[in-house]
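J.: Attaching a predicted model along with its sequence, questions to come.
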Amino acid sequence: MGLREWALGGVLLSPFLIYVLIALAITAVLRFVIQVTPLGRWIWHEALFDAALFVCVLSVLVHLLGPL
């Protein structure tokens with residue numbers, strides 16, 4: 001599934017939006033797992049950790065699903 005625009009009713013949509021939504025869901029699951037395990041106590045600044053985790057998940061997702 002490369003980075004190609006989709007035409008929906010004459011409107012071009014970027015697949016990056018889909019990647020962002022998938023990454024957000026994966027980040028939420030990972031964040032929940034971290035919260036219920038003892039790993040959550042090692043997080044110093046939760047907002048920075050959440051942002052960094054989202055960026056890491058999004059970059060891996062784009063790397064895996066993007067064009068070769």
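T.: Arrived safely, thanks for sending.
J.: Strands along this structure, start to end?
T.: 6-8, 11-13 (DSSP state E).
J.: Please name whichever of the ones you listed is nearest to residue 43.
T.: Closest of those to residue 43 is strand 11-13, at 34.7 Å (criterion: C-beta to C-beta). (C-beta placed from N, C-alpha, C; glycine too.)
J.: which helices and strands sit right next to the closest one?
T.: strand 6-8 (3 or more C-beta pairs under 8 Å, 6 or more residues apart in numbering; DSSP states H and E).
J.: Sheet-wise, list the partners of the strand it packs on with their directions.
T.: Strand pairing for strand 6-8, using DSSP bridges, gives strand 11-13 (antiparallel).
J.: sorry, back to before: worst average pLDDT in the strands of the chain?
T.: Comparing mean pLDDT over the strands of the chain, the weakest stretch is strand 6-8, at a mean of 81.
J.: Now for the residue nearest the centre of the chain: which residues touch it?
T.: For the chain, the residue nearest the mean C-alpha position is residue 23 (1.9 Å; C-alpha atoms, centre = their mean). Residue 23 makes contacts with 54, 57, 58, 61, as judged by C-beta atoms under 8 Å, 6 or more residues apart in numbering.
J.: Report the residue spans of the protein with pLDDT below the cut-off.
T.: 1-3, 68 (pLDDT under 70).
J.: can you give me the helices in it?
T.: Remark: helices assigned in the chain by DSSP state H are 16-36, 46-65.
J.: I'd like the ones you listed as CSV, with distance to residue 6 appended.
T.: Shown next, in CSV, are the helices of the chain (distance: least, C-beta to C-beta, whole Å):
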stretch, distance to residue 6
helix 16-36, 9
helix 46-65, 14
